[in-house]
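Student: Sequence plus the predicted model coming up.
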Amino acid sequence: QVQLVESGGGLVQPGGSLRLSCAASGFTFNTYGMNWYRQAPGKERELVASISNLGGRTNYADFVKGRFTISRDNVKNTLYLQMNSLEPEDTAAYYCNRGPYWDLGPGHDYWGQGTQVTVSS
């Protein structure tokens, strides 16, 4: 079965950096686009970044452009999110998500358990 397991969250000071990882299994990783979403308390889940199945195309939400970088390693079946210049507003649970087959875009069916990112001094 499809499994997505996030790691790398934690507490960081404003201006700091974190790298999230998502280990994928149970499907052919290099045939699906992948996404990172986040959800802050009391807010709806929002799409942060997307990457196509072979990694050649990416999309970012305006609120992370220039600060976050999505990438993937199709040999290790792992998705990454490098987060720099973190702000308190980035505090949220971050979720890995499987996107569409052989494309880039949002996904609806498979989610990880989430990893908490807290940005605070």
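Tutor: Cool, the structure landed. Residues are numbered from 1 along each chain as shown.
Student: got a list of contacts for the longest strand along the chain?
Tutor: Of all the segments of type strand in the chain, defined by DSSP state E, the longest one is strand 92-101. Outside strand 92-101, the residues within contact range by CB atoms under 8 Å, 6 or more residues apart in numbering are 2, 4-6, 9, 20, 22, 24, 27, 31-40, 43, 45, 48, 50, 53, 79, 81, 105-107, 109-112, 114-117. (Glycine included, C-beta is placed from N, CA and C.)
Student: Which of the residues you listed fall within strands?
Tutor: 4-6, 20, 22, 24, 32-39, 48, 50, 79, 81, 115-117.
Student: which of those are buried?
Tutor: Among these, those classed as buried by 16 or more other CB atoms under 10 Å are 4, 6, 20, 22, 24, 32-38, 48, 50, 79, 81, 115, 117.
Student: Nearest residue to the middle of this protein?
Tutor: The centroid of the chain falls nearest to Trp36 when counting by CA atoms, centre = their mean (2.6 Å).
Student: can you pull the contacts of that residue?
Tutor: By CB under 8 Å, 6+ apart, the contact set of Trp36 is 20, 22, 47-50, 70, 79, 81, 94-97.
Student: In JSON lines: these, plus pLDDT and distance to Val64.
Tutor: Below are the contacts of Trp36 laid out as JSON lines (pLDDT from 0 to 100; distance: CB to CB, whole Å):
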{"residue": "Leu20", "pLDDT": "98", "distance to Val64": "12"}
{"residue": "Cys22", "pLDDT": "98", "distance to Val64": "16"}
{"residue": "Leu47", "pLDDT": "97", "distance to Val64": "10"}
{"residue": "Val48", "pLDDT": "97", "distance to Val64": "6"}
{"residue": "Ala49", "pLDDT": "97", "distance to Val64": "7"}
{"residue": "Ser50", "pLDDT": "97", "distance to Val64": "12"}
{"residue": "Ile70", "pLDDT": "98", "distance to Val64": "9"}
{"residue": "Leu79", "pLDDT": "98", "distance to Val64": "15"}
{"residue": "Leu81", "pLDDT": "98", "distance to Val64": "9"}
{"residue": "Tyr94", "pLDDT": "98", "distance to Val64": "11"}
{"residue": "Tyr95", "pLDDT": "98", "distance to Val64": "15"}
{"residue": "Cys96", "pLDDT": "97", "distance to Val64": "15"}
{"residue": "Asn97", "pLDDT": "97", "distance to Val64": "15"}
